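K.L.:
no sequence on this one, just coordinates:
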């Protein structure tokens, strides 16, 4: 069965422009679900040969043939071909199976999410554990910058939306992400001094409210130097762990207002203010930086526990 036939079968949202909230009505009561699974539908469409091969190499065929339901943002063969030279061959190498699994599961969202539902979202948690960003504009809908070119291909165990590009999850943990950013040199040094690098490089997930170098420089003169002394290791560890909460807390949830317990033991208070997220008295200046084991929110002040 060709993709065009599947779209006619779904009966709705066949063009990317139709993903605007005022144009798309989602799956109607008359929508006919295919008897084919997501994998069978992708194979039959003929334009997802690379995706099918990748699913096979990642040992994900059985998973996406299961009951689900799943929503798959499926890159076309052309999307995979647009990756830098050698990328696909590297991903299909058996030694990189874990990396391939992480990439493919980043294209999968639990549940059956129709086009009408997607246009109401700013982001969606994937099976990978990280979140994709959803943007709606007059040009259509994009997922992490990749345009949705076809929608609502209904399958027996979920729905497929077609992307024109492969989307990439973060491949670095929280500590590596902070170090690479270049504006967290003090935080990186503090984590090392407090012997917390290994903990924040672990499985997690964690949410880190990360003060910039500028934020640390606002502390009274000599404070950072004093905290970095070996004899103050426990105090430093307490301050740093006060900036970390278990789980992934994204900015939209934090803006609703919440009291969340930090790893240090005391609670942090989040709220929305003037279009920004506040945590205690600090302002989030950059939000929702995904890492393999959590999410980072950049803040403009150091948080000090009682």
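P.N.:
Cool, got the structure. Bear in mind the structure is a predicted one, so any value in this text is a computation, not a measurement.
K.L.:
Report all helices and strands that the helix or strand that contains residue 187 contacts.
P.N.:
Assigned by DSSP states H and E, residue 187 falls within helix 185-193. The contact analysis (3 or more C-beta pairs under 8 Å, 6 or more residues apart in numbering; DSSP states H and E) places helix 185-193 against helix 174-181, strand 206-211, helix 213-217, helix 223-227, helix 233-241. Heads up, the C-betas are built off the backbone N, CA and C, glycines and all.
K.L.:
ranking these by burial, who's on top?
P.N.:
strand 206-211 (a mean of 25; mean count of other C-beta atoms under 10 Å).
K.L.:
Name the strands paired with that strand and say parallel or antiparallel.
P.N.:
Using DSSP bridges, the strands paired with strand 206-211 are strand 244-246 (antiparallel), strand 294-299 (parallel).
K.L.:
Quick one: residues contacting the residue sitting nearest the centre point of the chain.
P.N.:
The centroid of the chain falls nearest to residue 131 when counting by C-alpha atoms, centre = their mean (2.2 Å). By C-beta atoms under 8 Å, 6 or more residues apart in numbering, the contact list for residue 131 reads 123-125, 248, 250, 288, 290, 295.
K.L.:
which among those residues gets closest to residue 192?
P.N.:
Comparing the contacts of residue 131 against residue 192 with C-beta to C-beta places residue 295 closest, at 21.5 Å.
K.L.:
Output the below-cut-off pLDDT ranges for the stretch 151-300 of the chain.
P.N.:
By pLDDT under 70, the stretch 151-300 of the chain has no low-scoring segment.
K.L.:
on that earlier part again, may I see the buried residues of the helix or strand just after the helix holding residue 187?
P.N.:
Downstream of helix 185-193, the first helix or strand assigned by DSSP H and E is helix 197-200. In terms of neighbour count (16 or more other C-beta atoms under 10 Å), helix 197-200 has its buried residues at 197, 199-200.
K.L.:
Which elements pack onto helix 197-200?
P.N.:
Checking 3+ C-beta pairs under 8 Å, 6+ apart, helix 197-200 ends up next to helix 174-181.
K.L.:
For the helix it packs on, what is the distance to the chain centroid?
P.N.:
Taking C-alpha atoms, centre = their mean, to the nearest Å, one finds helix 174-181 lying 16 Å from the centre of the chain it belongs to.
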